[in-house]
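**Q** next comes the sequence, and after it the predicted model I'd like to discuss.
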Amino acid sequence: MSTVTRALEGLDEVSLWQEELYRHLHAHPELSFQEVETRAEIARRLGDFGYEVQEIGGGVVGVLRNGEGPTVLFRADIDALPVTEATGLDYASTVTATDADGATVGVMHACGHDSHITCALGAAALLAQRRDTWSGTYLALFQPAEELGAGAQAMVDDGLLDKVPHPDVCLGQHVLAAPPAGHVGTMAGPVLSAGDSLRITIHGKGSHGSMPHLGIDPVVVAASIVLRLQTVVARELAPGDFGVVTVGSVQAGQKANIIPAEAVLLVNTRAYDEDVRVTILAAIERIVRAECLAADCPREPEITVLDSFPLTDNDPEVTATVTRALVAHLGPDRVHELGRIPASEDFSVIPDAFGVPYTYWGYGGFTPDMDAVPNHNPAFAPAIQPVLRTGTEAAVVAVLAYLGSEDQT
Ligand SMILES: [Zn+2]
Ligand SMILES: [Zn+2]
């Protein structure tokens, strides 16, 4: 019997409490940086499994030392979204929260991080039960606030590098609308884009709508900027390079006969290459400043970074090792080429801080008879099984590709 098969012998038993835990987490979601109960639940269970547990930067890390060998870090994110659930599930969330504007919003695990927690805890339990199948050190890391792109950095800022053993490799996974439930998808190289959100404030000079010559119209400056930004991807990037520049919001003024004093743009960018990202951001700044100068704005524009997600660039060697192990365990029919996903993640902040390679893969959330709804949709309701089983198996298989005490092939 292979190492992996022996390590997974307890999966049926683990699945029983996993299904219950998953329903509980789904019904009790917590927003980014407010994951108090979620963190306590994770810490308690890791402690019960025999891990050394530390709370770091709003997250939790469990360390299991099991003799000589490499150190592997497996990361799961734990936060929910301000989305009002519309799944109709009997374990649907009815939790609400107050947003920054004082409005009441629903809270939902619409990105499936409840699945990530459950699979990672299942894997942690199995690895603790079957220490005879591996040797080395295992780090089960649970990260807050992925949805803000800030939780991984918060853990690093709180001393993650000094508080846990230095990993040799980092692993992570996400439940997705595709491939189908029971399947996984891996990919070497850039798999998730780098994404930045900017707020741009243009300072004009207010005036009566009938007297434009006495003011400086920020609406016209904003309009010029929006049009000119369309040339960044079309004219400045090489035709083969991927980039997106989207102006998602333009706000200025309240009334037809008043020229407002300022205009505010919200801009989102995506890239699969750090050089392309730098080119896009520099071009945006140059265009904004130049248009304001051209209009003789009384003050320099303000450009604020609202959030910044790094590139997720899977190491080819780590990806090959993990993919080989997944194919050996799940069979080639259940392991796919994931393909690039233009969404973004802050997972890579952790391996980048340690200076170690990583891979991040996807596992399917929906059986073929279900409507495969995308993440962040209010109807996002993955099947419980075989999703939790597959996510747990994938985690154990990938970890044992590094820590397993015998060749898996
Ligand atoms: Zn998400
Ligand atoms: Zn997510």
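**A** Cool, the structure landed. From a predicted model like this one, the values you see are computed outputs, not experimental measurements. Residues are numbered from 1 along each chain as shown. Ligands and ions are numbered 1, 2, ... in the order given.
**Q** got a list of what L126 touches?
**A** For L126, the contact set (CB atoms under 8 Å, 6 or more residues apart in numbering) comprises 7-8, 10-11, 14, 392, 396. Every C-beta, even on glycine, is put in place using the N, C-alpha and C of the backbone.
**Q** which helices and strands does the helix or strand harbouring A43 pack with?
**A** Assigned by DSSP states H and E, A43 belongs to helix 36-49. Contacts defined by 3 or more CB pairs under 8 Å, 6 or more residues apart in numbering; DSSP states H and E place helix 36-49 against helix 11-27, strand 52-56, strand 59-66, helix 113-129, strand 136-143.
**Q** any idea of the mean pLDDT for the third one?
**A** For strand 59-66, mean pLDDT rounds to 98.
**Q** could you dump it to CSV, C-alpha only?
**A** Extracted C-alpha coordinates of strand 59-66, given in CSV (Å, rounded to 0.1, in the frame of the first residue of the first chain):
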residue,chain,number,x,y,z
GLY,A,59,-4.6,34.1,11.3
VAL,A,60,-3.6,30.8,12.9
VAL,A,61,-0.6,28.5,12.3
GLY,A,62,-0.4,24.9,13.5
VAL,A,63,3.1,23.3,13.5
LEU,A,64,3.6,19.5,13.6
ARG,A,65,7.2,18.4,14.0
ASN,A,66,7.7,14.8,13.0
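**Q** returning to that earlier point: nearest to G185, of the contacts of L126?
**A** Within the contacts of L126, the smallest distance to G185 is 16.7 Å, found for T392 (CB to CB).
**Q** need the pLDDT of the closest one.
**A** Here the pLDDT value assigned to T392 is 98.
**Q** 49 is where my numbering starts, stick with that
**A** Shifting the count to begin at 49 puts that one at T440.
**Q** follow-up on the earlier one: tell me the buried residues in the helix holding A91?
**A** Across helix 84-97, burial judged by 16 or more other CB atoms under 10 Å covers 86-87, 89-91, 93-94, 97.
**Q** check the average confidence over it, would you?
**A** Looking at helix 84-97 alone, the average pLDDT works out to 98.
**Q** contacts for it next, please.
**A** 69, 72-73, 76, 78, 101, 103, 106-108, 110, 112, 126, 165, 169, 172-173, 176, 188, 190, 192.
**Q** what's the PyMOL syntax to select whichever of the residues you listed are buried?
**A** A single PyMOL command selects the buried members of those (16+ other CB under 10 Å):
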select buried, resi 69+73+76+78+101+106+107+108+110+112+126+165+169+172+173+176+188+190+192
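**Q** domain-wise, how is this protein divided?
**A** The record's domain split for the chain, according to automatic domain parsing, is 51-239+359-451, 242-357.
**Q** just those: most buried one?
**A** domain 51-239+359-451 (a mean of 20; mean count of other CB atoms under 10 Å).
**Q** span of that one from start to end?
**A** Domain 51-239+359-451 stretches 10 Å from its first residue to its last (CA to CA, to the nearest Å).
**Q** any idea how far it is from the middle of the chain?
**A** How far domain 51-239+359-451 lies from its chain's middle: 10 Å, per CA atoms, centre = their mean, to the nearest Å.
**Q** how about the buried residues of helix 84-97, which pair is most distant?
**A** Farthest pair in the buried residues of helix 84-97, by CB to CB: T86 and F97, 16.8 Å.
**Q** restricting to C-alpha, output the helix holding A91 in PDB.
**A** Taking Å, rounded to 0.1, in the frame of the first residue of the first chain, the C-alpha atoms of helix 84-97 are listed here in PDB:
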ATOM      1  CA  VAL A  84     -12.800  35.800  15.500                       C
ATOM      2  CA  GLU A  85     -15.000  32.700  16.000                       C
ATOM      3  CA  THR A  86     -13.600  31.000  12.800                       C
ATOM      4  CA  ARG A  87     -10.000  31.500  14.100                       C
ATOM      5  CA  ALA A  88     -11.000  30.100  17.600                       C
ATOM      6  CA  GLU A  89     -12.600  27.000  16.000                       C
ATOM      7  CA  ILE A  90      -9.500  26.300  13.900                       C
ATOM      8  CA  ALA A  91      -7.100  26.900  16.800                       C
ATOM      9  CA  ARG A  92      -9.100  24.600  19.000                       C
ATOM     10  CA  ARG A  93      -9.200  21.800  16.500                       C
ATOM     11  CA  LEU A  94      -5.500  22.100  15.600                       C
ATOM     12  CA  GLY A  95      -4.700  21.900  19.300                       C
ATOM     13  CA  ASP A  96      -6.800  18.700  19.600                       C
ATOM     14  CA  PHE A  97      -4.900  17.200  16.700                       C
END
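**Q** mind checking which helix or strand the nearest residue to T352 once chain neighbours are set aside is in?
**A** Residue nearest to T352 in three dimensions, not counting chain neighbours: R247, with 4.6 Å by CB to CB, 6 or more residues apart in numbering. Per DSSP H and E, R247 falls inside strand 242-251.
**Q** other SSEs contacting that strand?
**A** Against strand 242-251 (3+ CB pairs under 8 Å, 6+ apart) you get helix 266-279, strand 310-319, helix 322-342, strand 350-357.
**Q** after that strand comes which helix or strand?
**A** Following strand 242-251 in sequence order, the next helix or strand is strand 255-256 (DSSP H and E).
**Q** note down every partner strand of that next one and its orientation.
**A** Partners of strand 255-256 in the sheet, by DSSP bridges, are strand 306-307 (antiparallel).
**Q** please enumerate residues in contact with the strand it pairs with?
**A** By CB under 8 Å, 6+ apart, strand 306-307 touches 252-257, 260, 263, 265-267, 301.
**Q** how about stretch 137-156?
**A** Residues contacting stretch 137-156 (CB under 8 Å, 6+ apart): 71-72, 74-79, 82, 128-133, 157, 426, 428-429.
**Q** one more pass at 10 Å, please.
**A** 68, 70-79, 82, 127-135, 157-158, 162, 424-429, 432 (CB atoms under 10 Å, 6 or more residues apart in numbering).
**Q** now that stretch: average pLDDT?
**A** Averaging pLDDT along stretch 137-156 gives 92.
**Q** ok, now stretch 372-381?
**A** 98.
**Q** ok and the lengthiest strand in the chain relative to helix 161-177, angle-wise?
**A** Assignment by DSSP state E gives strand 217-229 as the longest strand of the chain. On the basis of axes from the mean of the first three to the mean of the last three CA atoms, to 10 degrees, strand 217-229 is oriented at 120 degrees to helix 161-177.
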